[in-house]
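**Q** Everything below, folded, please.
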Amino acid sequence: MRRLFPGSLRGQLLLLILLTLAVAQALVAWFFADEREMALRTALGQEATSRAANVARLIDEAPEDLHASILRAADSPLVRFSLALTPAVDHAGHGTELLAGQIAAQIGATPLPEVRLELHQADDQPPPMPGMPGQMAQMHRAMQPVPISSVEMKISIAMANGSWLNVLTRFHRPPYQLAWTAVATFGVSAILIGATVWIALGQLTGPLRGLARSAEEFGRGAEARAITPSGPDEMRSLTVAFNQMQERIRRFVDDRTRLLAALSHDLRSPLTALRVRAEMVEEDETRERIIATTEEMQEMVESTLAFARGVSNSEPVETVDLAELVAALVADMDAPADVVKLHASSGSIPVRLRQTSMRRTLRNLIENAVRYGGQADIRVWRDGESARVAVEDRGPGIPEDQLEHVFDPFVRLETSRSRDTGGTGLGLSIARTIVQSHGGDISLENREGGGLKATVTLPV
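**A** Model (predicted):
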């Protein structure tokens, strides 16, 4: 059922409106059918009571030897008349006094005769009348092949000679007939309403799709572009708010990036001066320690600048083949084949990215694998709507509780704090920042048997 249900807002609203229209049409048809049934039963009941009153008046006025002929002439397959010494309705007071009074008034005798009337539901079919001709009995059976729920009415009218005229009649529930005009009206209404709603919803869903595309592009690090407001007032307000949000975020990131870059750049001069002054220290051990500390600070400044450049969106975004990009990067590294192994990928994997930033990210991951594991196994493949690059090594790995912590700036798990073995602690932070600016992410996991696997995921 979920697969049959449309996924778009436009389709869901249209389906909901058409289903509501269909339910409303069905209820109207049912109400009209019930009204039609009541009208037919009322007409049949009025006809039966008038007929009973006329027969009673005729019997009162006719000689007794004509009574049997009158009853035979009045009988029909659904209305039976008979004269008896006892009434078929044994007592009055069935809530039908008004209808019984109308029958008595139609007879017109003075004083008004006693009339008893009883109504109840009957589910069986009355058998053909005794003495009914064979052809008429056959027609009666053919008209009533299956039991039909009906209302049975019994009338007992007191005659002047002391006998009772008993009347038995049934009103069958009329079969429901589907009116093709109603179906045609529903079809035309559904088409007109559906077309109108489809066009009207397009004025809403069109701007929503544009807003979703812009949000996706902005999330991948593309240049923020203002969207032209369109559609209803609420949609226009949402578009204006989204444009303002894009501008505020872009301005916030640019300000922080410029601040970080300026601070790192300004630190270069005092560090250079400190490095020169350190050379003037006469004691060898002190001089070497000051120089080592100064060089470490200098490397941290350079890494911070690299981090700022990674956050910056000044580089243009272009469509490239990720497999070709990784192959070119491995070739440029000029590493031995047994140290950096690139497994061939199948087919082209087009992605939108900034080449220089992404090369910096992948180079960082490969160099980490070689530094800590002695080799790097690289695989590139497509997984649905995502492109993945895995860099694996056979190094010591990372404790499970530190797999996310290592992405924080200036975090180094190598306790010696040596620049040769631990770096500055910004490499993975820069890498994740660059990948996330492309709408992707980096994940780390330990391999079975030892080693670490870093996976870069990018949207295709």
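
**Q** can you give me the helices in the stretch 201-350 of the chain?
**A** 233-278, 284-311, 322-333 (DSSP state H, counting those that start in this stretch).

**Q** Show me what the first one is packed against.
**A** The criterion is 3 or more CB pairs under 8 Å, 6 or more residues apart in numbering; DSSP states H and E, and the helices and strands that helix 233-278 contacts are helix 180-219, helix 284-311. For the C-beta atoms, the positions are set from N, CA and C on the backbone; glycine is no exception.

**Q** Please apply the same query to the last one.
**A** Counting contacts by 3+ CB pairs under 8 Å, 6+ apart, helix 322-333 packs against strand 340-343, strand 350-353, helix 355-373, strand 376-383, strand 386-392.

**Q** Now do the same for residue 391: its pLDDT.
**A** Residue 391 carries a pLDDT score of 94 in this model.

**Q** Comparing the helices of the stretch 201-350 of the chain by mean pLDDT, which bottoms out?
**A** Among the helices of the stretch 201-350 of the chain, helix 284-311 scores lowest, at a mean of 74.

**Q** coming back round to it: can you lay out the helices and strands packed on helix 322-333 as JSON lines showing mean neighbour count and distance to residue 218?
**A** Listed next are the helices and strands packed on helix 322-333 as JSON lines, based on neighbours: other CB atoms under 10 Å; distance: least, CB to CB, whole Å:
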{"stretch": "strand 340-343", "mean neighbour count": "16", "distance to residue 218": "33"}
{"stretch": "strand 350-353", "mean neighbour count": "20", "distance to residue 218": "13"}
{"stretch": "helix 355-373", "mean neighbour count": "20", "distance to residue 218": "17"}
{"stretch": "strand 376-383", "mean neighbour count": "18", "distance to residue 218": "24"}
{"stretch": "strand 386-392", "mean neighbour count": "21", "distance to residue 218": "19"}
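
**Q** can you tell which of these is closest to residue 288?
**A** For residue 288, the closest of the helices and strands packed on helix 322-333 is helix 355-373, at 24.2 Å, according to CB to CB.

**Q** The closest one to strand 376-383, inter-axis angle?
**A** 130 degrees (axes from the mean of the first three to the mean of the last three CA atoms, to 10 degrees).

**Q** average pLDDT for helix 355-373?
**A** So the average pLDDT for helix 355-373 ends up being 88.

**Q** how big is the angle separating that helix from helix 322-333?
**A** 60 degrees.

**Q** one step back: deepest in the core, which of the helices and strands packed on helix 233-278 is it.
**A** helix 284-311 (a mean of 16; mean count of other CB atoms under 10 Å).

**Q** before we move on, the earlier item: a markdown table for the helices and strands packed on helix 322-333, including distance to residue 155?
**A** As requested, the helices and strands packed on helix 322-333 are exported to a markdown table (distance: least, CB to CB, whole Å):
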| stretch | distance to residue 155 |
| --- | --- |
| strand 340-343 | 98 |
| strand 350-353 | 89 |
| helix 355-373 | 97 |
| strand 376-383 | 84 |
| strand 386-392 | 84 |
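
**Q** picking up where we left off before, select, out of the helices and strands packed on helix 233-278, the one closest to residue 368.
**A** Nearest of the helices and strands packed on helix 233-278 (CB to CB): helix 284-311, 13.8 Å.

**Q** Any idea which of the helices and strands packed on helix 322-333 gets closest to residue 13?
**A** strand 386-392 (31.2 Å).

**Q** quick one on the thing from earlier: quick check: which of the helices and strands packed on helix 322-333 is nearest to residue 270?
**A** Nearest to residue 270 among the helices and strands packed on helix 322-333 is helix 355-373; the distance by CB to CB comes to 26.9 Å.

**Q** How is the protein partitioned into domains?
**A** For the chain, automatic domain parsing gives the domain ranges 9-172, 315-459.

**Q** which one of these is the most hemmed in?
**A** domain 315-459 (a mean of 17).

**Q** Straight-line length of that domain, end to end?
**A** 18 Å (CA to CA, to the nearest Å).

**Q** how would you label residue 396: helix, strand or coil?
**A** coil (DSSP: H, G, I helix; E, B strand; the rest coil).

**Q** Quickly note the distance from it to residue 372.
**A** 7 Å (CB to CB, to the nearest Å).

**Q** For residue 237, give me its contacts.
**A** For residue 237, the contact set (CB atoms under 8 Å, 6 or more residues apart in numbering) is empty.

**Q** what's the answer for residue 82, then?
**A** Residue 82 sits in contact with 71, 165-166, where contact means CB under 8 Å, 6+ apart.

**Q** And the contacts of stretch 287-298?
**A** Counting by CB under 8 Å, 6+ apart, 267-268, 271, 274-275, 278-279, 281, 419, 424 sit against stretch 287-298.

**Q** about what we covered before: could you dump the helices and strands packed on helix 233-278 into CSV with distance to residue 102 added?
**A** Converted to CSV, the helices and strands packed on helix 233-278 look like this (distance: least, CB to CB, whole Å):
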stretch, distance to residue 102
helix 180-219, 35
helix 284-311, 95
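
**Q** before we move on, which element is the residue nearest to residue 408 when sequence neighbours are not counted in?
**A** Distances taken as CB to CB, 6 or more residues apart in numbering place residue 429 nearest to residue 408, at 6.7 Å, with adjacent residues excluded. Using DSSP states H and E, residue 429 sits in helix 427-437.

**Q** got the angle for that helix vs strand 386-392?
**A** 170 degrees.

**Q** And the contacts of the helix or strand just after helix 427-437?
**A** Going down the chain from helix 427-437, the next helix or strand is strand 441-446, by DSSP H and E. For strand 441-446, contacts defined as CB under 8 Å, 6+ apart pick out 361, 365, 397-398, 400, 403-404, 406-407, 428, 431-432, 435, 452-457.

**Q** quick check: mean pLDDT across strand 441-446?
**A** According to the model, strand 441-446 has a mean pLDDT of 92.

**Q** what does stretch 216-232 give?
**A** pLDDT averaged over stretch 216-232 gives 74.

**Q** For the stretch 1-150 of the chain, just list every one of the helices.
**A** Using DSSP H, counting those that start in this stretch, helices in the stretch 1-150 of the chain cover 9-61, 67-74, 97-107, 134-143.

**Q** Quick one: list the elements packing against the third one.
**A** What it means is helix 97-107. Helix 97-107 packs on helix 9-61, strand 115-122, strand 150-158, going by 3+ CB pairs under 8 Å, 6+ apart.

**Q** repeat that with 6 Å
**A** On a contact count with 3 or more CB pairs under 6 Å, 6 or more residues apart in numbering; DSSP states H and E, helix 97-107 meets helix 9-61, strand 115-122.

**Q** Right, I'll call it a day here.
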